[in-house]
Structure formats: C-alpha cells, structure tokens
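1. let's see this in three dimensions:
(2 chains)
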Amino acid sequence: MSQALYRKWRPHLWAEVVGQEHIVQTLRNAITAQRVAHAYLFAGPRGTGKTTTARLLAKAVNCLADNLADRPCDHCEHCLAVNQGRFLDLIEIDAASNTSVEDVRDLRDKINFAPNQGRYKVYIVDEVHMLSTAAFNALLKTLEEPPSHAIFILATTEIHKIPATVLSRCQRHEFRRIPLSDIVAQLTRLAQGEKIQCEPEALALIARYSAGGMRDAISLLDQLASTGQVVTLALAQAVLGAAAGQSVLDVVEAILAKNAAVGLDGVHRTLDGGSDPRQFGRQVVEYLRQLLLIKLGNAAQVDATAEQRAIMARHAQAFSTTELLRVIRIFNVAASDARLSWQPSLPLEMALVEALESPAAEPSRAEPARVEPPAIMERSSAPEAASPQRSPISPAAPAASSSPARAASPLPEKPVNPPLAAPPPASSKEATLGKRLADNWKQIVALVKAKNANAAALLNSIKTRSLQENILILGFASHVLQSQMEKPANIASVQEAIQQVIGEEVHLRCTTVSAQRSAPPPDVEHDGMVASAVRDLGGEIVDVQ
Amino acid sequence: MTWDILGHEWAVNLLQEHVARDRLRHAYLLIGPRGVGRRTLALRLAQAVNCPQPAAAGDPCRVCRACLQIERMQYPDLTVVQAETEGGVLKVDQVRELQHSLALAPYEARYRVALLLRFEEAHASAANALLKTLEEPPAQVIMLLTASSQESLLPTIVSRCEPLRLRPLALEDVAQGLQTRWQAPEAQATLLAHLSGGRPGYALALYREPERLQQRQEWVQALFHLLKDGRVQRFNYIKELTKDSNKEKEKPRDRLRQVVLAWLPVWRDVLLRAAGSAAPLINPDLEADVARLASALGPQTARQIVANLDRSLELLDKNANPQLVGEVLMLDLPRF
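-> Numbering: from 1, shown residues only, chains lettered A, B, ... in the order given. Below you'll find the model as predicted:
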C-alpha cells in the first residue's frame, strides 16, 4: 500500500511549510531566541498545516543540531525518530476519541515524569474542540503552569468551541487558508517530485476546488494521478463533477429567456453528462455572483477572459439587481441543501422553476391559488359580517378568512350560507345590522339583565349566534335551555332590549347545537372547512367575521 | 473483469488499478444516493484486496472462502460499522470499538478492512472520534466509508478520504442489467429503471419484492382519489395512515414517509411536464395522469406541491407529529 501523497509530502522542515509564513517566522524566532512558550493553540480551517506545524515545533525543540537556527535539522536521531513516529517524548493525543475527564487526569499523572530522550515532552492535542467541558476544566491548571519540561500544542478547526479560560492560557496562532497561487506552486513541485504529468489548468481547477485546503488539493491530485494517465483539465472536470462552463451559460440564458423547458433540459443534459448536481448548483451561483460583481461596478474582481467578459456584461445588463439577488438566493439554497434527496437533480429543477416565477407572483408561494376562480378570492375578503368581539382566534376564524388551504380548494360555494359568510346581495344592510348587534351585544345583555335576569343568564349560555335576514338565531347547548328561552316572556324582553339599543325590530329563533360532534348549523356549507371543523374536530362556532 | 458491478466503470477501473499497482489509499469515501451500489462496490474492493487467489491482479475470484465470507459481511478481517437501523445514529462507542479492533494485526488477510456504512448518520462526536484514525490509520488498514452526500459529512472527514462520487446510471443501463442479470421481463425492467431513477440496487429491491411495487401503486392511486375528495375524506385517509398499530412493526412516521416518497416522484413529473420539459418521467406508467395534472395546475403550483412534500419529509426527520404533517399536506393539496 502506497502512502497517500498528503502524508508522504507532509513538510519535514520549516521551509517546506506553505502559506503560513506569519506563524512559521514567529515559531522560528522563538526557537532561535530559546523563548518557546509552554502552550500553543493552533486554529484554522482543514488542511492548512496545523498538525504539520505542531510536529515541526516538537521536532525543533528536541532537535540535536548545534545551530539553533537550523532546528529541526531532519537528520539527527531525534528528528528521524519523530518522522517515523517512534519518538517517546512526542505524545500525540486524539482528543476527539479521548474526550473524557479521565483521559485528562491520566495525562496529568504522567506529565510530571521527566522526558525520556529529548529536552522537552511535547503533547500535541489534536481536534481539541471535542474535549468535554469537564476535561477542559481538568486541564486548566496543568495548562497554566506545566512542569518546565512540558510543552502543550492544541490544534483545532473549531476555535469557537474552546473555552475562554483555555484560550487565555495559550499562545494562539491562526492558520490562514492557503492562497490559490501557493497551492498551484506546491502542486507543481509535488507533481515534479512524483513524476506526475499534468496540465497547469487542471492544477488551477484543483486548487480552486480545494478552497484553501492543501490536504484537499493534494488528495485530489493523488486521486487524479492514480488513474495513471496524464492529468488533464477534462479528466479533472470529470472526476470533480464540474460542468463545462457552457452548460452554466445555457441555464442562465434559459432563466433570462424565461424558458423553463430549455432550462430543465439543460440541467438534465449536464447531469447526464456526469456532473455533480450540487457542484453544478455551486457553479451557477458562482457565475451569478460574478454577474452581481459586474453589476455593482466591481468588474475588476472577476477573473475571466475578454470573451467571457463580453458575455457576462450582456447577462449582467439583462438582470436587474433585485432579480439577480433573488435568483442567487434560490440557487444557493439548492446548492447547499444538505439533505439527502431521493432524486439528486430535484433541488436544481425546483430552483430553476422557482427562479422563473415572476417576482410579482411571489406572495402566491403560500397560496397556490391559480386554479380557482377569482370570485372566491374576493368573497374571502368580503366585508366583515361581525366584529371580532369575543375571541379573535376561533375555529371558525380561519375558515372565514382567506387561508391558503381554503383558497387552494376551488369549491364552488353555494350562496345559501348568508350568516356565516355574508354574500354580496344582502350583505350591506345585514352586515351593518350584524355588526351593530355584535358591537352592542354586551349592552343588550346588560339591559335584559336589568329587567329579566333569567333571560340574561340564558343569553350568556348561547353557543352560537347568527343573523339571517333580520332573524337572530341563537344556538343553545341543550334542548332544555332552548325551551326555557322560547318562553314568550324571555323572547319579548330580549327583543325589547335589541329594539332599544339598535332601534330595529329583530325576530328571534332558538335552536340546539350539541357541544360534542354536533352537526354543523344548517346554514353552513356542508363540505366546507367550517363544517369539517364542527363535525369532525369538535369545534364550535364562536364568532363570525 | 469479475467485479460484476452494474455501471460505475470508471470507479471500478480506478480501484482495480489501485489494487493491481499496489497504490491503495488508506481511506475511500463512496458518495451517492441510496441503492446506487456504494456498499457493493466497497465489498468488491474488500474482496479484491483480500482474495488469496485473485483471477488477475485486482480481480477477486469471488468463489473462494474469503470472497464468499466478505460478500456476506462475515469475514474476520472485515469490520462493518453502521447505525443500528436505517435512519438511526452511529454512536461514538461503535467508533471507539472499531479503533480498538483496527489496532490489531489482520487475522488472516493482507488488510484489515473497516466498512462504515451510511456515515452521514454518524453522531457528531462519532465522526470527530474517527478523524485521527482516518487521517493516519495503522498500516494494513483500509477504511471504506459510504455516505449519501459530501455535504452531510464533516468537511474534515471528506478531506481525509479519497472520494468516489457514484452517480445514478443511465436508465437504459439499469433496464438492460435487470433483464440480463436477473431475467426481468422487458416492460417491467423499463418501469423499474425509471422508478429507481438509475439506482440499480433500488430497482432490484423492487423487483425482488413485488409487494413494494404493489404498495406504491396503491398509494399513487390513493393520491389521485384524494385529489378529488373533500377535506373530510382526506383527513380520514391521513388518520388511517398514521394510526398507531402495534401489530405491524412499522411506525406511523415511517409509513407516512413511504407514502410521501411514493407521491414525490409523481409531482416531480408533473412539475417537469408543466414546465414543458421532455425529460424522461419517473413514472412512465402514469404518463396520462401526469399530463392531465400538469396542464391543469401549471408549474408554480406543481413546484409548490413538490416543495411541500419535500418539506414534510424534512419535518418527519425532525420528529414532527406525523398526523399533523399529513394533514397540513392535505390542506395544501389542490382539489382537482
């Protein structure tokens, strides 16, 4: 088994470390001046050289070379031992597997012994962000004042998970993403050393793809080279699943031309050609981002040939900034959707169709109301039949308001339900009457109470109250209550009170609505939401607006 | 070649080359949708490196004891680690146990192979615990990981492996493969190839268990009925579907997930047709219904429904009440 290139080419000397000059210089100066700190914290994205630098530092402090500036020399006994992973005083701990406080206590017990061969005992604690809180705390005292022969090097990709008390005890070094040119240079050197033939464009693509991580870049080169062929741009694109630039342009053209069919076919053709859907999504986003840069007058940042620039300028012209932002957002979601999809192309297909929906239709995201006749829409926002006096959140309320679900079902509603959703014909007069009734209901009840306490109590126990023409229908929970109310004396006193308050004569009718699983009131549309709510879900009609 | 894998020629060639020229990596990551052949490929690689009498360099014989045991995942030097159930969680203890076993020399083979299946289900601490081992495992160890997508893993995991992205096959290849290898009748093979979206494993599972295909038909038919029904019937359907019955092993959540997964392809087809695309459908047997729905609803509505279904899958994963999820779906379904 051959070693992976990123392991084989791990730097053995300071000079071989790429892209982290600020850290290397500091550490070298510390070695020369013999001012090495007792605890370091290396943080930075993956593949930027944290573990490598930690091992170099461990080598340097134990190196036998006489000249301080030459350390590590990479050929003294200790350096070779470190390279082969058999140096007793370099203790590399995988903090992600040994997370518990017990592991830290174990470390504390052993740290007091003097080093076996070297000058220093170096503890490299890798992936340190995974230590438990208790483990971190157990480490604090040791980390603050370790024995003079001990050096701690903590390494992590997730600095935000490290407690502040640990941060303040360490000398902190931030590793940067390695610049594109440095990666390309290193890959070129490596390819020469390994006798891999490759095209410079392919190396540039690899470098761009690895987003500043040297390990990613070398792994990719390793993978491409392992086919035994010359590493060409075409091969790199095939393995990376990168689509050719033209297919991105095709999709963008389709979006501009508002042609969903062409766009979808373009997506399918690209994916059938072996491109990775997410990668393709990212490429579209990247292209649109460049358009945005051009649009905002930042064309200098765009890295493209004159020919590409001409196309980009034309595309940038065709988009408005808001439109461009919207499309970028849509595709960004599609490209970064981490959920496993049963059909890999689906997020892209949806993004494309969504991008083509005109922004004006945006509100209809919540209500796919295209299929219904516009009349219903108007009806659902019809004049209020009653004010939301008692409880604005009632089971009946969503039915009467324009909820998306209701709008989605194009039910041809019969106009035989006047009280619940007042139809246009009688609405104006009735609506005002209903509204006045609702507004003044408390006053009416108070008035009734003054004359006839019994009737007022009954009024307070009604379940539903609705108005039909000028008949007020009162719904009671039981037959007993209903018959009580129907006594002429009670009816009369209520009517009188209404007459007094509103100044209009209103007839009364009493019905029974049972509390549980009641049949919906006769005047409710049989298959509507309200009926379902009342009949199947045990809802009750509290108020009608 | 005796790898005998449907499609993925480039991946097979690459791995074969690695074995033959002794350029094996210490860790491979096989990425692709479920049923595309990730595990089969991983097992074949394990056979290729450990077969004592390879047919040719890099070609396992597939008849010797070692090969057969690996095929059944019962080989002493093959450690399989996966979440207990599909959709479960791969625990950190399992990774620690693996690390212990990897520290031992191989029992009889050249390499100790660790096969970590569906690694996207690994708990964050389990994934982190594997990092150091994955970067520099002991000699004589090969780690094989399978996952559904690169984005579902820690970036630090991906960058330590050699990733192989397995893509769905061309539909004709799947149909062809079903016919020649498993003697499926032509019409059925074509249907299965479409339904599977180019995933041979899934197509084969459907072929071997016709009741699953039957079940799908029922659910799709139910969908067409529900489109005509009123809310009461729709709610009743969901209620029946999500009823918790102790008799069957499957939970309401999983059942609803299955149903949604049966409906999603239909709506995706509607979306394609409504947008005017001529791409091949997933449900070629429903061509007429799909065309009818597409012309009636238009692309926006179709996309909205697909998005709703997708969203409800996500909600189910996040432990939302299945009945509620189903009912919300029903409310948003247009009446047709």
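2. can you list the domains in the chain?
-> Just so you know, I chose chain A. Per automatic domain parsing, the structural domains of chain A span A:5-174, A:180-240, A:245-359, A:383-403+A:416-536.
3. that was the other one, I meant chain B.
-> Split into domains by automatic domain parsing, chain B comes to B:9-165, B:174-208, B:210-332.
4. burial count for residue B:147?
-> 25 (other Cβ atoms under 10 Å in any protein chain shown). The C-beta positions use only the backbone N, C-alpha and C, and glycine is treated the same way.
5. quick one, what contacts it?
-> Shown in contact with residue B:147 (Cβ atoms under 8 Å, 6 or more residues apart in numbering or on different chains): B:29-31, B:118-120, B:153.
6. let's see 6 Å
-> Residues near residue B:147 by Cβ atoms under 6 Å, 6 or more residues apart in numbering or on different chains: B:31, B:119-120, B:153.
7. ok, now residue A:243?
-> By Cβ under 6 Å, 6+ apart, residue A:243 lies in contact with A:270, A:275, A:280, A:283.
8. ok, it to residue A:286 distance?
-> 11 Å (Cβ to Cβ, to the nearest Å).
9. now list the buried members of the contacts of residue A:243.
-> The neighbour-count test (16 or more other Cβ atoms under 10 Å in any protein chain shown) applied to the contacts of residue A:243 identifies A:270, A:275, A:280, A:283 as buried.
10. a strand runs through the second one, doesn't it?
-> No - with the criterion set as DSSP: H, G, I helix; E, B strand; the rest coil, the secondary structure at residue A:275 is coil rather than a strand.
11. that one is in contact with residue A:241, isn't it?
-> Yes - using Cβ atoms under 6 Å, residue A:275 is in contact with residue A:241, at 5.2 Å.
12. helices or strands next to whatever helix or strand residue A:135 lives in in the packing?
-> Assessed by DSSP states H and E, residue A:135 sits inside helix A:133-144. Judged by 3 or more Cβ pairs under 6 Å, 6 or more residues apart in numbering or on different chains; DSSP states H and E, helix A:133-144 is in contact with helix A:101-111.
13. so for the very next helix or strand once past the helix it packs on, mean pLDDT?
-> Next in sequence after helix A:101-111, counting helices and strands by DSSP H and E, comes strand A:121-126. Mean pLDDT, strand A:121-126: 94.
14. who's in contact with strand A:121-126?
-> Contacts of strand A:121-126 (Cβ under 6 Å, 6+ apart): A:51, A:54, A:58, A:89-95, A:115, A:149-155.
15. cool, and stretch A:484-494?
-> Applying Cβ under 6 Å, 6+ apart, the external contacts of stretch A:484-494 come out as A:448, A:451-452, A:455, A:458, A:508, A:510.
16. show me the shaky parts of the stretch 1-150 of chain B.
-> Counting by pLDDT under 70, the stretch 1-150 of chain B contains low-confidence ranges at B:1.
17. and which of the contacts of residue B:147 is nearest chain A?
-> Ranked by distance to chain A (Cβ to the nearest Cβ), those are led by residue B:120 at 6.8 Å.
18. chain A: strands as residue ranges?
-> Taking DSSP state E to define them, one finds strands in chain A at A:39-43, A:90-94, A:121-126, A:150-156, A:171-174, A:464-468, A:471-476, A:507-512.
19. quickly run through the sheet partners of the third one, with directions.
-> Counting by DSSP bridges, the strands paired with strand A:121-126 are strand A:90-94 (parallel), strand A:150-156 (parallel).
20. just want the angle from it to helix A:101-111.
-> Interaxial angle, strand A:121-126 versus helix A:101-111 (axes from the mean of the first three to the mean of the last three Cα atoms, to 10 degrees): 160 degrees.
21. got the CA positions of strand A:121-126 in CSV?
-> C-alpha atoms of strand A:121-126 as CSV (Å, rounded to 0.1, in the frame of the first residue of the first chain):
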residue,chain,number,x,y,z
LYS,A,121,8.0,16.4,26.4
VAL,A,122,5.6,17.7,23.8
TYR,A,123,1.9,17.0,24.0
ILE,A,124,0.0,17.5,20.7
VAL,A,125,-3.7,17.5,21.5
ASP,A,126,-5.4,17.3,18.1
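22. excluding covalently adjacent residues, which one is nearest to residue B:262?
-> Leaving aside its sequence neighbours, residue B:262 sits nearest to residue B:219 (Cβ to Cβ, 6 or more residues apart in numbering or on different chains; 4.2 Å).
23. isn't the one you found up against residue B:258?
-> No - with contacts counted by Cβ under 6 Å, residue B:219 stays clear of residue B:258, the gap being 7.6 Å.
24. related to what we said a few turns ago, any of the contacts of stretch A:484-494 buried? List them.
-> Buried members of those, counted by 16+ other Cβ under 10 Å: A:448, A:452, A:455, A:458, A:508, A:510.
25. looking at these, which one is closest to residue B:262?
-> residue A:510 (50.9 Å; Cβ to Cβ).
26. who's in contact with residue B:133?
-> By Cβ under 6 Å, 6+ apart, the neighbours of residue B:133 are residue B:99.
27. what is the orientation angle of the helix or strand containing it with strand A:121-126?
-> Per DSSP H and E, residue B:133 falls inside helix B:124-135. Counting by the same axes, to 10 degrees, helix B:124-135 lies at 120 degrees to strand A:121-126.
28. ok so, going back, now do the shared contacts for residue A:275 and residue A:241.
-> Counting by Cβ under 6 Å, 6+ apart, residue A:275 and residue A:241 have no shared contacts at all.
29. who does whichever strand in chain B runs longest pair up with?
-> In chain B, with assignment by DSSP E, the single longest strand is strand B:141-147. Strand pairing for strand B:141-147, using DSSP bridges, gives strand B:27-31 (parallel), strand B:112-116 (parallel).
30. contact partners of the first one?
-> Spelled out, that is strand B:27-31. The contact list for strand B:27-31, computed with Cβ under 6 Å, 6+ apart, reads B:38, B:42, B:134, B:143-147, B:150, B:161-165.
31. what do you get for stretch B:195-210?
-> By Cβ under 6 Å, 6+ apart, the residues outside stretch B:195-210 that reach it are A:343, B:6, B:33, B:35-37, B:168-169, B:171, B:174, B:177, B:184, B:192-193, B:212-213.
32. same check, this time on stretch B:66-77
-> By Cβ under 6 Å, 6+ apart, stretch B:66-77 touches B:43, B:46-47, B:50-52, B:60-61, B:78, B:80, B:106-107, B:109, B:112.
33. where does the prediction get shaky in the stretch 151-300 of chain B?
-> Using pLDDT under 70, the stretch 151-300 of chain B drops low at B:245-249.
34. residue ranges of the helices in it, please?
-> B:155-158, B:171-182, B:186-196, B:200-208, B:210-228, B:231-241, B:252-274, B:287-317 (DSSP state H, counting those that start in this stretch).
35. what's the spacing between the second one and its chain's center?
-> When C-alpha coordinates are averaged (Cα atoms, centre = their mean, to the nearest Å), helix B:171-182 and its chain have centres 18 Å apart.
36. buried residues, that helix. List them.
-> B:171, B:174-179.
37. so is that helix next to chain A?
-> No - judged by Cβ under 6 Å from any Cβ of the partner chain, helix B:171-182 stays clear of chain A, getting no closer than 9.8 Å.
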